[in-house]
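K.L.:
Give the three-dimensional model of this entry:
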Amino acid sequence: MTEEMTIAERFKRSLSAKLLTLTVVFVLFAEIVVLIPSVAKQRIDWLGARLESAYLVGLALDSPGGEMIEPETAQQLFATANILGVTLDRDGARMLIMTPKLTADQMRVMRFVTLNYDLPQQHVVDAWATIFSRGDHSIRVVGKAKYASGGLVDMFVSQAALRADLLEYARNVLLLSLVISSLTAALVYWSLDRMIVHPVRRLTGNMIAFEKNPEDEAVLLVAGNRLDELGVAERSLASLENRTQSLLKERRRLAALGAGISKISHDLRNILASAQLMSDRLARSEDPRVRKLAPRLISSLNRAITLSRDTLSYARMETSALKTETVSLAKLVDDVLDDTAAIAVETRNEIDEELKVSADPTQLYRALFNLVKNAVDALAGPDPQESEGAAKGGSIAVSARTESGRLVIAIADNGPGLPEAARAHLFEPFKGSFKPGGSGLGVAIAYEIAKAHGGDLTLAKNDETGATFELSLPAMPDQ
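P.N.:
Here you go, the predicted model:
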């Protein structure tokens, strides 16, 4: 029982076994379809041969010049051909050549066949009825001999003899069909095994190996040059494995980076906390200039502490983590422009002071800060000492509009635009940067913050006259 189950399981799991079995079955089926009319044709040929024999022997016995053969010889010829009786119709006269000698069984059931006039389907039905018949009944056959000038031959033949001949013929055809089907199946199996099964087995083995150890470069699939569907599948799988392995390597780098940043963030919070204590003392200073600058310093330190605490929130940015409130968008943009100010870059806040937005102020500040800072860096150039001359005439404008129930904040600059390499992976961390030393996190963080607020971030314009980012958020009901 265990061995049978093993064979059954192997059959279920083996594409080759299924292919071989199906090929044999289909070829046998085709041979059987051919066998059905072939048996009917064999029956017609068998009866026709006896009809010709009966006619020739009848002519020999009833020759105008006298009998050409002895009656005993004719009897032997009829017996050899399993002919039980013959009557010839010549010139309208019926001549009894051999009196039918029928047994009781043969006289009880008699089949009548009109050889030259029965329909093809009738021949098929009669042939298979003969194969599945029992006993030795007689068959009466009426037909015209092939070379006869006229008249019909009316004869009786043995059904048992016809059945034996048809069974032998069918057996030979089936044996030949089995040989042909086996040979065809072997050739088809070998061909398909080389063309399909072997490559599929190779793909399957590679997928299993890659699943066990996806970070091992040795298991990466090397695609061939086939142009058919399997070749396309190989190249697609090879590309997928390479991309998956690249993503796994990037995930490891991000995990290591996250661990490092978390440690830096912890120490930075302690440093900023100490700086916050110092700023509180400055806020109580009697110097009016210090008292004027202290609130802004305190606000900047508080924001720095919050940003430090949320450094790792990019990977887990969710709507539930936001602390939304009604925010004056113009004031928030003023803070962003003040914190990103550069000598050579003109910034304009074109937002209505009455415009409000429901958002997490810290996170929205982060998003706008990153977008504006990227624009400033693009206009100011890499060298601060040369920024004034390099970016003369550079400007950044922040505006807002409402459309279709959305508040769209546009950050537009008149810089050179983003290169193609940056646009290809614009919203992916560590890939969208085109500045020396850039991390590529700024736009990616802004994109995640917009998504967490139920909004979106798009590059609305990018050409030689500048770039425009549009950050959309749900508008407040009264806007």
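K.L.:
Run a quick neighbour tally on Val188.
P.N.:
Val188 has 18 neighbouring residues, counting by other CB atoms under 10 Å. For the C-beta atoms, the positions are set from N, CA and C on the backbone; glycine is no exception.
K.L.:
Sorry, slip of the keys, the one I care about is Glu325.
P.N.:
10.
K.L.:
ok, now how distant is the residue found closest to it once you drop the neighbours it is linked to in the chain from Arg251?
P.N.:
In space, and not counting its chain neighbours, Glu325 is closest to Pro361: 6.6 Å by CB to CB, 6 or more residues apart in numbering. Look at Pro361 and Arg251: by CB to CB, to the nearest Å, they are 32 Å apart.
K.L.:
can you list the domains in this protein?
P.N.:
2-185, 215-309, 320-474 (automatic domain parsing).
K.L.:
follow-up on the earlier one: list the contacts for the residue nearest to Glu325?
P.N.:
325, 327, 332 (CB atoms under 8 Å, 6 or more residues apart in numbering).
K.L.:
Closest one to Ala446 out of the residues you listed, please.
P.N.:
Leu332 (13.9 Å; CB to CB).
K.L.:
Quick check: that closest one vs Arg252, distance?
P.N.:
Counting by CB to CB - Leu332 and Arg252 are separated by 37 Å.
K.L.:
neighbour count winner among these two?
P.N.:
Leu332 (21 against 11).
K.L.:
Who are the contact partners of that one?
P.N.:
Per CB under 8 Å, 6+ apart, neighbours of Leu332: 361, 364-365, 368.
K.L.:
Figure out how far whichever helix or strand it is part of is from the centre of its chain.
P.N.:
Per DSSP states H and E: Leu332 is located in helix 329-339. Put simply, helix 329-339 sits 51 Å off its chain's centre (CA atoms, centre = their mean, to the nearest Å).
K.L.:
I'd like the contacts of Pro361 as a markdown table, with pLDDT and distance to Asp154 appended.
P.N.:
Below are the contacts of Pro361 laid out as a markdown table (pLDDT from 0 to 100; distance: CB to CB, whole Å):
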| residue | pLDDT | distance to Asp154 |
| --- | --- | --- |
| Glu325 | 90 | 113 |
| Val327 | 90 | 113 |
| Leu332 | 92 | 115 |
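K.L.:
Looking at the residues you listed, spot the one nearest Glu428.
P.N.:
The closest of the contacts of Pro361 to Glu428 turns out to be Leu332 (CB to CB; 26.6 Å).
K.L.:
And that closest one, how far from Leu119?
P.N.:
Taking CB to CB as the measure, Leu332 and Leu119 are separated by 95 Å.
K.L.:
next one: His425
P.N.:
Distance, His425 to Leu119, by CB to CB: 76 Å.
K.L.:
Just want to know which of the two has more residues nearby.
P.N.:
Using other CB under 10 Å as the criterion, His425 and Leu119 rank with His425 on top: 15 against 8.
K.L.:
Got phi/psi on the more buried one?
P.N.:
When read as degrees, to the nearest 10, the backbone of His425 gives phi -130, psi 40.
K.L.:
what's the answer for Asp89, then?
P.N.:
Note on Asp89: its backbone torsions stand at phi -110, psi 100 [degrees, to the nearest 10].
K.L.:
is it true that it touches Met155?
P.N.:
No: Asp89 is beyond contact range of Met155, at 11.4 Å (criterion: CB atoms under 8 Å).
K.L.:
quick one, which of these two is more surrounded?
P.N.:
More crowded of Asp89 and Met155, by other CB under 10 Å: Met155, with 29 against 16.
K.L.:
Which secondary structure element is home to the more buried one?
P.N.:
Using DSSP H and E, Met155 sits within strand 153-158.
K.L.:
taking the mean pLDDT, what do you get for that strand?
P.N.:
What strand 153-158 shows for mean pLDDT is 86.
K.L.:
try stretch 448-468
P.N.:
Rounded mean pLDDT across stretch 448-468 is 89.
K.L.:
Same check on stretch 255-265?
P.N.:
If you average the pLDDT over stretch 255-265, you get 67.
K.L.:
residue ranges of the strands in this protein, please?
P.N.:
83-90, 93-98, 110-114, 138-143, 153-158, 325-328, 345-349, 356-359, 394-403, 406-413, 456-463, 466-474 (DSSP state E).
K.L.:
OK, contacts around Ile83?
P.N.:
If you count contacts by CB under 8 Å, 6+ apart, then Ile83 has 50, 53-54, 98, 155-157 around it.
K.L.:
and the residues you listed as TSV, adding distance to Glu353?
P.N.:
Listed next are those as TSV, based on distance: CB to CB, whole Å:
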residue	distance to Glu353
Arg50	116
Ser53	120
Ala54	121
Met98	128
Met155	120
Phe156	120
Val157	116
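K.L.:
which among those end up buried?
P.N.:
Using 16 or more other CB atoms under 10 Å as the burial test, those include 50, 53-54, 98, 155-157 as buried.
K.L.:
Widest-spaced pair of these?
P.N.:
Distance extremes for the buried ones among the contacts of Ile83: the farthest pair is Ser53 and Phe156 at 13.4 Å, using CB to CB.
K.L.:
I figured Ser158 was touching Thr80, is that so?
P.N.:
No: in this structure, Ser158 is not within contact of Thr80 by CB under 8 Å, at 11.7 Å.
K.L.:
Comparing the two, which shows the higher neighbour count?
P.N.:
Between Ser158 and Thr80, counting by other CB under 10 Å, Ser158 is the more crowded of the two (21 against 9).
K.L.:
what's the residue lying closest to the more buried one once chain neighbours are set aside in contact with, if anything?
P.N.:
Nearest residue to Ser158 in three dimensions, chain neighbours excluded: Asn82, at 4.4 Å (CB to CB, 6+ apart). Contact analysis of Asn82 by CB under 8 Å, 6+ apart lists 50, 157-158, 161-162.
K.L.:
ok, now His453?
P.N.:
Counting by CB under 8 Å, 6+ apart, His453 touches 319, 322, 324, 359-360, 363-364, 473-474.
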